[in-house]
Structures are given as structure tokens and as C-alpha cells.
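*Asks:* Here is a sequence with its predicted model. Questions after.
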Amino acid sequence: MYTLKTESSFDSAHFLANYNGKCRNIHGHRWKVIAEIHSEFLFTDGQHRGMIADFSDFKKDLREQTEKLDHTLIIEENSIRKELFFALMEEGFSVKIMKFRPTAENMARYFYEAMQGLGYNMKAVTVYETPENCASYMED
């Protein structure tokens, strides 16, 4: 089995609604995302001969996904009052609404599915919230 890994980072803020602890407050992270793809086979001809994917495309595609969240406030849908949301938008803040609670676990699945949707044969995605703490997502 062959595996390729690439990583990208972004800065954003989030909070955990209905959480009893410090993370219920808005706080920021330097998120690091590591994506892994795998294959039993390599391309046998053409430009990609001897590869499972072009590293430059793989890196670019992950970077494009992380850039969508760079310098945003990531919030779970319906986790703040509509008045606050509209006030943030009126002030020009970048807010990304997710259908899930923005935990490291859910963010790993988010990036896994985003890269899978681009046609990559995903093995796993690991998301670091801090240099010491991460969560991974992979399918069986």
C-alpha cells in the first residue's frame, strides 16, 4: 500500500456551544490539517507514472480547502442568536456556519469528506488544534 501525506494550516476562531468549560468562549487556533491518501497501485504511464497522485495538485487542493476557513469565525448552525450573526456580518466579519459542532473530530471529518469529494482516495485526515492535541478521521 502506498501513502501520500500533505499538510496545510490556517488560523480561525470557534467556540463550543452548550459546553461547560473554557471552550464555550470564542477562542482561536492555528489549525494544522494533515491529509493522507493511499493506493495499492501506481500510475503505469503518462505524466503520473510511478505516482498515486501529483503532489502539487494534492497540496494545492488541501490548501484551497483550508484557505476557505482562514481568518474566519467558525460557528455551529443555530448556536448564536440571529441578531448577533447579522451584527457580525454587518461589521464585515468572516463567519463560516457549519452544520456540526466545530470540534477537532468533526473538522477532521469535514476535511476528509472535502478531499474525498475532489476525487482523492482518502486514508485519513488529522487535525491539530494545538501542537500537542489532535483528532483523526478515517473510514473502515
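*Replies:* Noted; the coordinates are in hand.
*Asks:* And the helices in this structure?
*Replies:* 55-67, 82-90, 104-117 (DSSP state H).
*Asks:* Kindly format the C-alpha coordinates of stretch 34-43 as CSV.
*Replies:* Once non-C-alpha atoms are left out, stretch 34-43 reads as follows in CSV (Å, rounded to 0.1, in the frame of the first residue of the first chain):
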residue,chain,number,x,y,z
ILE,A,34,-2.7,16.6,7.6
ALA,A,35,-4.4,14.7,4.8
GLU,A,36,-3.4,11.1,3.8
ILE,A,37,-4.3,9.3,0.6
HIS,A,38,-3.5,5.7,-0.3
SER,A,39,-3.5,3.2,-3.2
GLU,A,40,-2.3,-0.3,-3.8
PHE,A,41,-1.3,0.8,-7.3
LEU,A,42,0.8,3.5,-9.1
PHE,A,43,0.0,5.0,-12.4
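*Asks:* In it, which residues are buried?
*Replies:* Using 16 or more other Cβ atoms under 10 Å as the test for burial, stretch 34-43 gives 34, 35, 36, 37, 38, 39. Any C-beta I mention is one placed from the backbone N, CA and C, and that applies to glycine too.
*Asks:* Thought residue 125 was touching the second one, still the case?
*Replies:* Yes. The pair residue 35 and residue 125 passes the contact test of Cβ atoms under 8 Å, sitting 5.2 Å apart.
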